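Chemist: Give me a model of this one.
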Amino acid sequence: MNRRNLLGLALVGSLTATLAACGSGEDPLATDTTPAEGGSADASTVIVGSANFPESELLAEMYSQVLEAKGVTVQRRFNIGARELYLKALQDGSIDLLPEYNGALLAALSSGGAPEGVSTPDQVLEALKEVLPEGTEVLEQSSAEDKDSLTVTSETQARYDLTSIADLAPVAGELTAGGGPEFQERYQGLVGLEELYDVEFGQYRPLDAGGPLTVNALADGSIQVANLFTTDSAIETNDFVTLEDPKNLFLAQNILPLIRSSKNDETITDALNAFSAELTTENLTEALAKVQVDKQQSAAVAQEFLSANGLV
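Modeler: As a prediction, this is how the structure comes out:
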């Protein structure tokens with residue numbers, strides 16, 4: 001059995017969590033999920049999925065609208081959950097397409113984390129192509145990047161004189177960290193923090209992946225260190241401080257589409273590559289703030305973004 005098939009089995013075997021952990025009481029992968037346009041999915045329909053955090057859902061909505069503008073029939077199955085869940089869904093055909101992050105995906109698919117010496121966007125992309133599960137492929141990556149981070153309040157930063165993750169090593173035992181449950185097991189998480197930085201927190205609270213539970217816990221002092229995404233508008237609005245990562249535990253995280261090869265064609269490739277060419281860290285951060293801060297609906301924000309950039 002080849003490595004890719006073993007990987008697929010490992011991903012399936014790791015799904016011990018229930019879908020209740022995905023952030024809603026409903027299973028977004030249920031076979032009776034209603035498509036956006038009604039009816040049931042057929043061979044010509046592209047099922048777009050997302051992880052369970054606002055940026056992923058916004059990007060998935062952008063993908064959906066870009067494809068619909070080109071006449072592609074789209075079905076939405078958003079808010080699936082963590083990477084372990086949605087990769088399984090991609091491989092079993094429950095979804096066909098979703099936004100991904102090149103470095104995090106590479107680390108997840110590589111035994112022992114990402115290869116040494118791989119850090120730039122192009123290096124990460126080339127390495128990623130070598131470990132993609134059979135039957136999947138990635139399209140062109142955008143310049144937009146959203147990294148994992150360790151983030152603290154300005155008060156915690158000043159109290160412990162923190163500038164980088166390395167500064168946490170002597171004080172981490174006094175602190176409680178928090179973030180998505182999966183952060184506990186990932187190399188780009190607690191495993192890598194201990195190995196690269198000798199950082200071991202006194203406690204870890206499983207909350208959500210860069211979501212409101214984690215943000216609120218950091219703000220109210222329930223945790224002192226949070227795993228947040230660098231485009232999160234909560235960092236600026238709360239005067240949080242993101243710690244530097246001098247050993248590059250968190251790799252380049254350029255956003256790119258991950259798609260089942262059987263559902264890709266020239267129309268889809270051209271549409272999504274054109275979208276990725278327009279997506280930047282700056283315009284994504286602005287769009288995400290409209291969802292997270294201004295509480296606008298993802299569909300409306302996506303429509304405005306795509307119109308402003310000549311994509312619909």
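
Chemist: Check which helix or strand the spatially most distant residue from the centre of the chain maps to.
Modeler: Distance to the chain centre peaks in the chain at Arg159, reaching 31.0 Å (criterion: C-alpha atoms, centre = their mean). For Arg159, the host element (DSSP states H and E) is helix 154-160.

Chemist: all helices of the stretch 51-200 of the chain, in order?
Modeler: 54-69, 83-92, 102-109, 121-131, 154-160, 192-197 (DSSP state H, counting those that start in this stretch).

Chemist: what's the third one packed up against?
Modeler: This means helix 102-109. helix 83-92, helix 121-131, strand 255-260 (3 or more C-beta pairs under 8 Å, 6 or more residues apart in numbering; DSSP states H and E). Just so you know, the C-beta spots here come from the backbone N, C-alpha and C atoms, and that holds for glycine as well.

Chemist: Most tightly packed of these?
Modeler: Highest mean neighbour count of these: strand 255-260, a mean of 23 (counted as mean count of other C-beta atoms under 10 Å).

Chemist: So which residues make contact with the helix or strand following it?
Modeler: Downstream of strand 255-260, the next assigned helix or strand under DSSP H and E is helix 266-278. Identification of contacts with helix 266-278 by C-beta atoms under 8 Å, 6 or more residues apart in numbering yields 46, 62-63, 66-67, 69-72, 97, 139-142, 255-257, 259, 306, 309-311.

Chemist: how is this structure carved up into domains?
Modeler: Split into domains by automatic domain parsing, the chain comes to 3-145+252-308, 148-242.

Chemist: Output those as JSON lines; include the columns mean pLDDT.
Modeler: Output for the domains of the chain, formatted as JSON lines (pLDDT from 0 to 100):
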{"stretch": "domain 3-145+252-308", "mean pLDDT": "84"}
{"stretch": "domain 148-242", "mean pLDDT": "95"}
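
Chemist: would you list the helices of the stretch 51-200 of the chain in TSV and tack on distance to Arg186?
Modeler: As requested, the helices of the stretch 51-200 of the chain are exported to TSV (distance: least, C-beta to C-beta, whole Å):
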stretch	distance to Arg186
helix 54-69	16
helix 83-92	9
helix 102-109	7
helix 121-131	15
helix 154-160	23
helix 192-197	8
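
Chemist: Please name the spatially closest residue to Gly117 (chain neighbours excluded).
Modeler: In space, Gly117 comes closest to Gln123 once its chain neighbours are excluded; the distance is 7.6 Å by C-beta to C-beta, 6 or more residues apart in numbering.

Chemist: Look up how far Ala252 lies from that neighbour.
Modeler: Going from Gln123 to Ala252 by C-beta to C-beta, to the nearest Å gives 8 Å.

Chemist: Then Thr136?
Modeler: As judged by C-beta to C-beta, Thr136 and Ala252 stand 20 Å apart.

Chemist: who has more neighbours, the two?
Modeler: Ala252 (22 against 19; other C-beta atoms under 10 Å).

Chemist: Show the backbone phi and psi for the more buried one.
Modeler: phi -50, psi 140 (degrees, to the nearest 10).

Chemist: who's in contact with it?
Modeler: Per C-beta under 8 Å, 6+ apart, neighbours of Ala252: 102-103, 119-121, 123-124, 145, 147.

Chemist: if we can go back for a sec, I'd like to know how far the residue nearest to Gly117 sits from Glu145.
Modeler: Computed with C-beta to C-beta, the distance linking Gln123 and Glu145 is 14 Å.

Chemist: What strand or helix carries Tyr204?
Modeler: Assigned by DSSP H and E, Tyr204 falls within strand 203-206.

Chemist: who does that strand touch, helix- and strand-wise?
Modeler: By 3+ C-beta pairs under 8 Å, 6+ apart, strand 203-206 packs against strand 176-179.

Chemist: quick one: strands adjacent to the strand it packs on?
Modeler: With DSSP bridges as the test, strand 176-179 is paired with strand 203-206 (parallel), strand 225-229 (parallel).
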